[in-house]
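Peer 1: Turn this into a model:
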Amino acid sequence: MTAKAQSQIPFAELNNGLKMPLFGIGTYQDPGDSITADAVSFALKNGYRHIDTAHAYLIERGVGQGIKDSGVPREEIWLTSKIWPSEYGEGKTTEAIDKMLERLGVDYVDLLYVHQPMGDWRGAWRDMEKAVEAGKVRSLGISNFDAADSLYNAVIDFAKIKPAVFQIECHPYAQRLDWRKRAAADNIQVECWFPLGGAMSNGALFKDHTIMKIAEAHGKTPAQIILRWHIQEGLSAIPGATDHGYITENISIFDFELNPEEMAAMRSLNKEQRFFNMDYKEAEQFMLNWKIED
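Peer 2: Model (predicted):
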């Protein structure tokens with residue numbers, strides 16, 4: 001089943017011509033390097049080929065160890081990480097990228113994001129562009145630049161190498177239709193964090209009657225229905241998990257399809273209700289003051 005799942009994971013062709021697996025595993029809130037290494041290794045051995053991490057998650061070494069332990073060739077894996085605001089700035093970001101590669105134990109990452117739209121992200125972007133030219137990074141992305149229209153427009157206008165991926169909170173209750181339309185117009189792939197709602201949702205999506213009814217019809221779990229919806233919408237989803245059962249459950253979505261009526265029912269759930277609602281100014285104060293240790 002896992003080999004079949006791997007062969008059926010669709011790819012998105014990015015605006016730089018590279019192909020990114022739409023489905024992967026996230027590592028946000030993983031409790032430590034050893035658990036992350038186990039989760040990543042297990043995921044890769046069971047069909048996953050896309051890993052999303054970040055310096056701010058403090059488990060990049062665990063991700064690198066998991067890649068080594070899996071035995072899966074590096075070139076078969078799409079590896080993403082993110083630079084934190086305390087690492088932004090020309091010269092500063094170049095050093096941060098080198099340290100990131102060292103923590104991960106790799107020569108390059110496939111996608112690198114500016115993690116938050118604050119601080120000297122312009123200086124960071126210039127160094128990230130240099131990293132692409134040096135072969136240390138293959139694609140660039142923006143994370144959380146949906147905080148304001150002006151932020152998104154600023155990076156689009158500023159960038160010489162255009163963002164290939166735009167990562168935002170997105171799930172059936174917050175389908176982010178306006179942002180998805182804007183990204184599509186700019187030929188940028190949308191990737192979803194909190195694709196299942198995240199811990200802040202208290203499992204709201206799993207208890208939704210419409211989703212539960214569709215799950216029952218297919219003999220699947222609500223999580224599998226939600227992830228299948230993401231894939232059929234052309235979105236990239238990176239659900240986080242460390243439990244082997246959940247890792248297996250999440251990738252077991254390529255042996256069925258939602259029919260047009262079910263997709264319409266899923267789309268009808270949209271109320272643009274986000275579960276992460278920190279005020280931008282509050283977030284800016286916290287994020288600019290947090291200096292991450294190596």
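Peer 1: which stretch of helix or strand covers the nearest residue to residue 224 once chain neighbours are set aside?
Peer 2: Closest residue in space to residue 224, ignoring its immediate chain neighbours: residue 253 at 5.0 Å, by CB to CB, 6 or more residues apart in numbering. Just so you know, the C-beta spots here come from the backbone N, C-alpha and C atoms, and that holds for glycine as well. Secondary structure assignment for residue 253, by DSSP states H and E: no helix or strand.
Peer 1: Do I have it right that residue 253 meets residue 229?
Peer 2: No. Residue 253 lies out of contact with residue 229 (CB atoms under 8 Å); the separation is 9.5 Å.
Peer 1: quick one on the thing from earlier: got a list of what the residue nearest to residue 224 touches?
Peer 2: Neighbour list for residue 253: 5, 23, 220, 224, 227, 228, 231 [criterion: CB atoms under 8 Å, 6 or more residues apart in numbering].
Peer 1: Check for me that the last one belongs to a helix.
Peer 2: So the one you mean is residue 231. Yes. Per DSSP: H, G, I helix; E, B strand; the rest coil, residue 231 lies within a helix segment.
Peer 1: which residues touch the residue lying closest to it once chain neighbours are set aside?
Peer 2: Excluding the flanking residues, the one nearest residue 231 by CB to CB, 6+ apart is residue 22, at 6.0 Å. Contacts for residue 22 were tallied using CB under 8 Å, 6+ apart; they are 9, 10, 11, 12, 50, 230, 231, 234, 235, 236, 237.
Peer 1: What does residue 22 show for phi and psi?
Peer 2: Main-chain torsions, residue 22, degrees, to the nearest 10: phi -70, psi -20.
Peer 1: Ok, residue 240 next?
Peer 2: Main-chain dihedrals, residue 240, degrees, to the nearest 10: phi -90, psi 140.
Peer 1: Would you agree it is in contact with residue 26?
Peer 2: Yes. Using CB under 8 Å, residue 240 is in contact with residue 26, at 3.7 Å.
Peer 1: More neighbours: these two, which one.
Peer 2: Shown here are residue 240 and residue 26; by other CB atoms under 10 Å, residue 26 has more neighbours (26 against 23).
Peer 1: what about the helices in the stretch 1-150 of the chain?
Peer 2: With DSSP state H, counting those that start in this stretch, the ranges of helices along the stretch 1-150 of the chain come out as 2-8, 33-45, 60-70, 92-104, 121-133, 149-158.
Peer 1: Same list, those, but as JSON lines with mean pLDDT, distance to residue 84 and mean neighbour count please.
Peer 2: Below are the helices of the stretch 1-150 of the chain laid out as JSON lines (pLDDT from 0 to 100; distance: least, CB to CB, whole Å; neighbours: other CB atoms under 10 Å):
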{"stretch": "helix 2-8", "mean pLDDT": "58", "distance to residue 84": "31", "mean neighbour count": "13"}
{"stretch": "helix 33-45", "mean pLDDT": "98", "distance to residue 84": "18", "mean neighbour count": "21"}
{"stretch": "helix 60-70", "mean pLDDT": "98", "distance to residue 84": "11", "mean neighbour count": "22"}
{"stretch": "helix 92-104", "mean pLDDT": "98", "distance to residue 84": "8", "mean neighbour count": "19"}
{"stretch": "helix 121-133", "mean pLDDT": "98", "distance to residue 84": "10", "mean neighbour count": "19"}
{"stretch": "helix 149-158", "mean pLDDT": "96", "distance to residue 84": "17", "mean neighbour count": "14"}
